[in-house]
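S.K.: This is the structure alone, sequence omitted:
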């Protein structure tokens with residue numbers, strides 16, 4: 001099995017050249033050394049282990065699948081002698097070259113060579129003084145670091161002309177297969193990231209007691225695999241099965257081996273990585289202005305949200321959750337009469353948009369399913385409806401709490417124009433049973449304005465100035481003004497009522513005129529209601545309720561969890 005290459009180097013110490021460099025000081029120090037220095041050239045040999053890739057490759061052009069790498073112009077070797085740093089050699093044109101400052105009076109000690117390519121080095125070493133360097137390998141996103149060490153085969157006597165050494169790897173190369181593939185940053189948490197170049201003891205020593213995060217390396221064009229250089233003593237077995245982002249092991253043996261020098265694992269480890277979440281949802285799925293600018297809504301003193309473009313729906317036939325196409329949409333049933341009235345399922349019987357409380361129970365109506373007391377919905381345990389969505393962009397959707405609904409509608413910090421309860425002519429619907437088309441049907445609901453909404457920035461009809469904001473009484477609104485509010489990035493919550501265990505709802509959102517007195521809207525919150533121990537009541541949760549005449553109740557409104565109500569999701573904006 002090939003591994004990260006062992007690099008064999010031949011050292012030619014050109015002592016005569018030191019005479020022309022007496023005034024030269026090492027670029028890595030800030031003091032003048034006590035001796036004139038020795039110019040040294042290191043020939044990088046081609047050997048079986050590194051596949052002949054010892055010369056002039058791209059910077060650590062590691063071919064991880066084969067464990068091979070090569071040096072490139074600018075790479076640096078740190079050199080030690082007699083327990084101290086004595087200078088650096090820089091790679092160019094196939095050679096490491098530079099001036100070092102060993103103590104010529106010490107003739108029984110070899111030269112020590114340390115390669116810490118692409119590792120972050122703390123501090124500036126000073127020749128004849130520095131005894132150690134701290135290094136960090138946390139950022140591997142662009143290049144894999146390589147840590148290697150070797151000593152010359154003979155002591156440095158100050159008079160020799162040729163020495164040789166072999167650099168051997170002081171690190172491990174490990175492959176990770178991503179369960180969630182993609183071209184994005186992946187981080188391995190809680191692993192050692194720091195080591196010490198110990199000139200005093202001639203070693204690269206990992207610090208396994210201090211852990212951090214390593215940003216894994218991905219080869220261009222390969223979205224399924226990441227690689228990492230790990231320090232000896234790293235125990236990845238400790239990370240299996242603890243938290244999201246931990247590892248699974250399908251390789252040889254029962255557990256992932258503890259990392260050692262030159263460990264090479266190129267299969268068997270999978271990482272259960274989370275998909276990265278963008279700062280904002282794709283504009284395709286959010287409420288926005290006619291100019292495609294997403295609008296924000298404050299739900300507390302320090303939190304703003306984006307709203308989903310429409311209510312949540314579920315297709316029973318396909319098992320797919322998604323948003324309605326438009327804010328005014330609702331699943332519409334049909335009954336005998338002069339106009340359609342909303343039920344919980346669409347005419348084809350496959351879609352619904354009113355749900356029992358919690359993603360785990362989209363259609364359940366039995367009270368026995370709701371015995372879990374006062375829990376709240378959240379994404380962590382998978383109970384929030386946002387966890388259901390897979391096709392609406394990288395998903396960070398969630399349900400508002402009762403306190404957030406209350407702030408959204410009632411807190412003056414949001415501005416003087418926060419909501420407007422309306423009935424407006426917006427629909428043209430064809431009854432699939434009779435092929436009768438109903439034009440200009442009125443739909444009732446609640447408009448919610450974005451933060452500090454200013455109507456003067458938009459073109460409304462003259463009658464719009466007479467409309468009242470933050471008023472619990474329903475107002476008739478012309479279709480032109482309703483469309484302007486939508487174009488301004490306002491949220492519209494259609495009053496679609498609720499469904500009970502028989503599949504019916506008590507109130508109708510659609511009418512043939514603006515005098516509908518029966519509409520009501522119910523929208524779930526994520527807030528459960530604490531019940532007394534031993535209570536025989538069906539567990540409850542808080543919901544936003546609004547209708548034509550009564551006060552809007554965004555909180556302190558407990559409803560039975562087995563009732564089907566609307567869901568409108570949000571995405572945190574900050």
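M.R.: Nice, thanks for sending it over. Because the structure is predicted, anything quoted here is derived from the model rather than measured.
S.K.: okay, CA-based contacts and neighbour counts for the rest of this
M.R.: OK.
S.K.: residues contacting the closest residue to residue 548 other than its chain neighbours?
M.R.: Distance criterion C-alpha to C-alpha, 6 or more residues apart in numbering; nearest residue to residue 548, sequence neighbours excluded, is residue 474 at 5.2 Å. Counting by C-alpha atoms under 8 Å, 6 or more residues apart in numbering, residue 474 makes contact with 420-423, 547-549.
S.K.: Kindly report the same for residue 280.
M.R.: 306, 571-573.
S.K.: Please apply the same query to residue 87.
M.R.: By C-alpha under 8 Å, 6+ apart, the contact set of residue 87 is 26, 28, 78-80, 99-101, 126-127.
S.K.: So what does it have for phi and psi?
M.R.: With angles defined as degrees, to the nearest 10, residue 87 sits at phi 140, psi 180.
S.K.: State the distance from it to residue 97.
M.R.: To residue 97, residue 87 is 11 Å away according to C-alpha to C-alpha, to the nearest Å.
S.K.: before we move on, back to that, please flag which of the contacts of residue 280 sit within helices.
M.R.: Using DSSP state H, no member of the contacts of residue 280 sits in helices.
S.K.: By neighbours, which of those residues wins?
M.R.: Counting neighbours by other C-alpha atoms under 10 Å, residue 306 leads the contacts of residue 280 with 25 neighbours.
S.K.: Tell me what it is bridged to.
M.R.: residue 571 (DSSP bridges).
S.K.: swap in residue 187?
M.R.: With DSSP bridges as the rule, residue 187 is bridged to residue 215.
S.K.: Surely it and residue 213 touch.
M.R.: Yes - the pair residue 187 and residue 213 qualifies as a contact (C-alpha atoms under 8 Å) at a distance of 6.3 Å.
S.K.: Compare the two and say which one has the larger neighbour count.
M.R.: With neighbours defined as other C-alpha under 10 Å, residue 187 and residue 213 compare such that residue 187 has more, 19 against 15.
S.K.: how close does the more buried one get to residue 378?
M.R.: 24 Å.
S.K.: so how far is stretch 221-234 off the chain centroid?
M.R.: Stretch 221-234 has its average C-alpha position 19 Å from the chain's average C-alpha position, going by C-alpha atoms, centre = their mean, to the nearest Å.
S.K.: In that stretch, which residues are buried?
M.R.: For stretch 221-234, burial by neighbour count (16 or more other C-alpha atoms under 10 Å) applies to 225-234.
S.K.: Give me the contacts around stretch 524-532.
M.R.: Contacts of stretch 524-532 (C-alpha under 8 Å, 6+ apart): 357, 373-378, 384, 399-402, 405, 539-544, 558, 565-567.
S.K.: Quick one: distance of that stretch to the chain centre.
M.R.: 29 Å.
S.K.: try stretch 216-231
M.R.: Worked out by C-alpha atoms, centre = their mean, stretch 216-231 lies 17 Å from the chain centre.
S.K.: Just the endpoints, please. Distance across that stretch?
M.R.: Using C-alpha to C-alpha, the two ends of stretch 216-231 sit 14 Å apart.
S.K.: Now do residue 119 against residue 239, distance only.
M.R.: 24 Å.
S.K.: okay, these two: which has more neighbours?
M.R.: For residue 119 versus residue 239, the count of surrounding residues by other C-alpha under 10 Å is larger for residue 119: 22 against 17.
S.K.: got the contact list for the nearest residue to that one once chain neighbours are set aside?
M.R.: In space, and not counting its chain neighbours, residue 119 is closest to residue 137: 5.0 Å by C-alpha to C-alpha, 6+ apart. For residue 137, the contacting residues are 118-120, 145, 193-194, 214, 229, by C-alpha under 8 Å, 6+ apart.
S.K.: Tell me the pLDDT of residue 137.
M.R.: On pLDDT, residue 137 comes in at 96.
S.K.: ok, now residue 480?
M.R.: On pLDDT, residue 480 comes in at 89.
S.K.: Which strand or helix spans it?
M.R.: helix 479-487 (DSSP states H and E).
S.K.: Give me the next element, helix or strand, following that helix.
M.R.: By DSSP H and E, the next helix or strand past helix 479-487 is strand 491-494.
S.K.: Which secondary structure elements does that following strand sit against?
M.R.: Contact here means 3 or more C-alpha pairs under 8 Å, 6 or more residues apart in numbering; DSSP states H and E; on that basis strand 491-494 packs against strand 437-448.
S.K.: Just the helices from the protein, written as ranges.
M.R.: Taking DSSP H as the criterion, the chain carries its helices at 402-410, 479-487.
S.K.: Against which helices or strands is the last one packed?
M.R.: Applying 3+ C-alpha pairs under 8 Å, 6+ apart, one finds that helix 479-487 makes contact with strand 419-430.
S.K.: now the strand it packs on: mean pLDDT?
M.R.: For strand 419-430, the per-residue pLDDT averages 75.
S.K.: quick one: residue 120 and residue 136 touch, right?
M.R.: Yes - in this structure residue 120 lies within contact range of residue 136 using C-alpha under 8 Å: 5.0 Å.
S.K.: Compare these two and say which is more crowded by neighbours.
M.R.: residue 136 (20 against 15).
S.K.: what's the nearest residue to the more buried one if we skip its chain neighbours?
M.R.: residue 194 (4.5 Å).
S.K.: Run a quick neighbour tally on that neighbour.
M.R.: 23.
S.K.: now residue 247
M.R.: Number of residues near residue 247 (other C-alpha under 10 Å) recorded here: 25.
S.K.: Next: the one 3 residues further on.
M.R.: Residue 250 is flanked by 13 other residues according to other C-alpha under 10 Å.
S.K.: hmm, back to that, mind listing what the residue nearest to residue 136 touches?
M.R.: Counted by C-alpha under 8 Å, 6+ apart, residue 194 has contacts 134-138, 206-208, 210-211.
S.K.: go again using 6 Å as the cut-off
M.R.: 135-136, 207 (C-alpha atoms under 6 Å, 6 or more residues apart in numbering).
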